[in-house]
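# kindly generate the corresponding structure for this input.
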Amino acid sequence: MTTETSANQFTEVRTLTVGPERAGQRVDNCLAALLKGVPRSLIYRLLRTGQVRVNGKRAKPDTRLEEGDRLRIPPVRTAERGKTDAPPPAMVKQVADAVIFEDRDFLAIDKPAGIASHGGSGVGFGAIELLRAARPREHLELAHRLDRDTSGVLVFTRTRAGLTGLQSLIREGEVEKRYLCLMTGRLERAKFDVNVPLRKSVLAGGERMVRVDDQGKPALTFFREVERHRDASLVEATLATGRTHQIRVHAAHVGHPIAGDPKYGEREANKRFRELGLKRLFLHAARFEFELGERAYGFSAPLPEDLRAVLDGF
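Numbers count the residues shown, from 1 in each chain. Below is the predicted model:
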């Protein structure tokens, strides 16, 4: 990227011209890379208040940059930035030890539950920050996201070609993502799909909520029962679209919310599963597949021990 100012990096407005290395990147990820040390929560506040602009227009976090775009970055006061502490070594090691695949373009981990994909919104360090701390000489970017309480396959990219190529496949629906979840109640059918639109909103406190809404974005999930248990079924959920909280909201919509879901689940059902040892959302990203160029990729992560123990307890 090129800049029209020679001002201090954070204290004055900068206008940058997007180069080929940033083409196709989300503006929030671009800002996170350019404003080293600035918390994601501040970056999203700058975006939410309209201070970040692309070609003179307000930018949303998911705005995709194109080569030649003019990106306006507002001043970020040093006092706002504060000093970023180093992540705890134990967390860095936990993520570093979770790597299940790497090559020139990609790196995949089996993300532990309880670790966010990235920092911000009250989260000091996410998987991307921890992995960068473990591998400071590597250029790593998040290719997609998992909820904090969801375990399983999380993919990072190591090259610009890998990032733009995979994100293009994700937008075009050419990536297969399969999850394992425990749906409460007794399913009437072993295979079914849920095809209802979803709309995302942000509550006053900043919490994200998603609901079924005819004015929302199309969303399709395929469900297939894998194991039947008393009052619940282990189900494989395959995403045809990738909306926020899609599996969780679709499961609740058909009357079988995911066990342990504090946002869309049932209180009494969650209480029963806590007695069986379930301490979190029973949702696991088990498989992530795609083809890019002449290569086919398939990353898998087995159901973690804490979730398998719950099933064994039935």
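# just how off-centre is stretch 240-257 within its chain?
Stretch 240-257 sits 15 Å away from the centroid of its parent chain (C-alpha atoms, centre = their mean, to the nearest Å).
# restrict it to CA atoms and write it as PDB.
Output for stretch 240-257, consisting of C-alpha atoms alone and laid out as PDB, is shown next (Å, rounded to 0.1, in the frame of the first residue of the first chain):
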ATOM      1  CA  ALA A 240     -24.300 -24.600   2.600                       C
ATOM      2  CA  THR A 241     -23.900 -21.000   3.700                       C
ATOM      3  CA  GLY A 242     -21.800 -19.400   6.400                       C
ATOM      4  CA  ARG A 243     -24.000 -17.100   8.500                       C
ATOM      5  CA  THR A 244     -23.200 -16.000  12.000                       C
ATOM      6  CA  HIS A 245     -24.500 -18.600  14.600                       C
ATOM      7  CA  GLN A 246     -26.200 -20.400  11.700                       C
ATOM      8  CA  ILE A 247     -26.200 -24.000  13.100                       C
ATOM      9  CA  ARG A 248     -27.200 -22.800  16.500                       C
ATOM     10  CA  VAL A 249     -30.200 -20.700  15.300                       C
ATOM     11  CA  HIS A 250     -31.300 -23.300  12.800                       C
ATOM     12  CA  ALA A 251     -31.200 -26.000  15.400                       C
ATOM     13  CA  ALA A 252     -33.300 -23.900  17.800                       C
ATOM     14  CA  HIS A 253     -35.700 -23.000  15.000                       C
ATOM     15  CA  VAL A 254     -36.700 -26.600  14.500                       C
ATOM     16  CA  GLY A 255     -37.100 -27.100  18.300                       C
ATOM     17  CA  HIS A 256     -33.900 -29.000  18.900                       C
ATOM     18  CA  PRO A 257     -31.400 -26.400  20.200                       C
END
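# for that stretch, which outside residues touch it?
Residues external to stretch 240-257 that are found in contact with it (C-beta atoms under 8 Å, 6 or more residues apart in numbering): 144, 147, 170, 173, 177, 179, 181, 183-185, 187, 192, 194, 196, 198, 200, 208, 210-212, 217-223, 233, 237, 239, 258, 261, 263-266, 269, 281, 283. Glycine gets a C-beta too; all of them are placed from N, C-alpha and C.
# max-length helix in this protein?
Of all the elements of type helix in the chain, the one with the most residues (DSSP state H) is helix 160-171.
# helix or strand right after that one?
Where DSSP states H and E defines the elements, the next helix or strand beyond helix 160-171 is strand 176-184.
# what pLDDT, on average, does that next one get?
Mean pLDDT, taken over the full extent of strand 176-184, equals 97.
# mind listing which of the contacts of stretch 240-257 are in helices?
Here DSSP H is the test, and the contacts of stretch 240-257 give 170, 269 as lying in helices.
# which of the contacts of stretch 240-257 are buried, as a ChimeraX select command?
A single ChimeraX command suffices to select whichever of those are buried according to 16 or more other C-beta atoms under 10 Å:
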select :144,147,170,177,179,181,183,184,187,194,196,198,210,219,220,221,222,223,233,237,239,258,261,263,264,265,266,269,281,283
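# next, residue 93: phi, psi?
The phi and psi values for residue 93, taken as degrees, to the nearest 10, are phi -60, psi -40.
# what sits against it?
For residue 93, the contact set (C-beta under 8 Å, 6+ apart) comprises residue 134.
# try residue 110
If you count contacts by C-beta under 8 Å, 6+ apart, then residue 110 has 98, 100, 151-154, 301 around it.
# just give the nearest non-adjacent residue to it, would you?
Excluding its sequence neighbours, the residue lying closest to residue 110 (C-beta to C-beta, 6 or more residues apart in numbering) is residue 301, at 4.0 Å.
# so the one you found versus residue 167, what's the distance?
Summarising the geometry, the distance separating residue 301 from residue 167, computed by C-beta to C-beta, to the nearest Å, is 21 Å.
# what of residue 208?
Summarising the geometry, the distance separating residue 208 from residue 167, computed by C-beta to C-beta, is 21 Å.
# same question for residue 249.
Using C-beta to C-beta, one obtains 23 Å as the distance from residue 249 to residue 167.
# so those two - more neighbours on which side?
More crowded of residue 249 and residue 167, by other C-beta atoms under 10 Å: residue 249, with 27 against 21.
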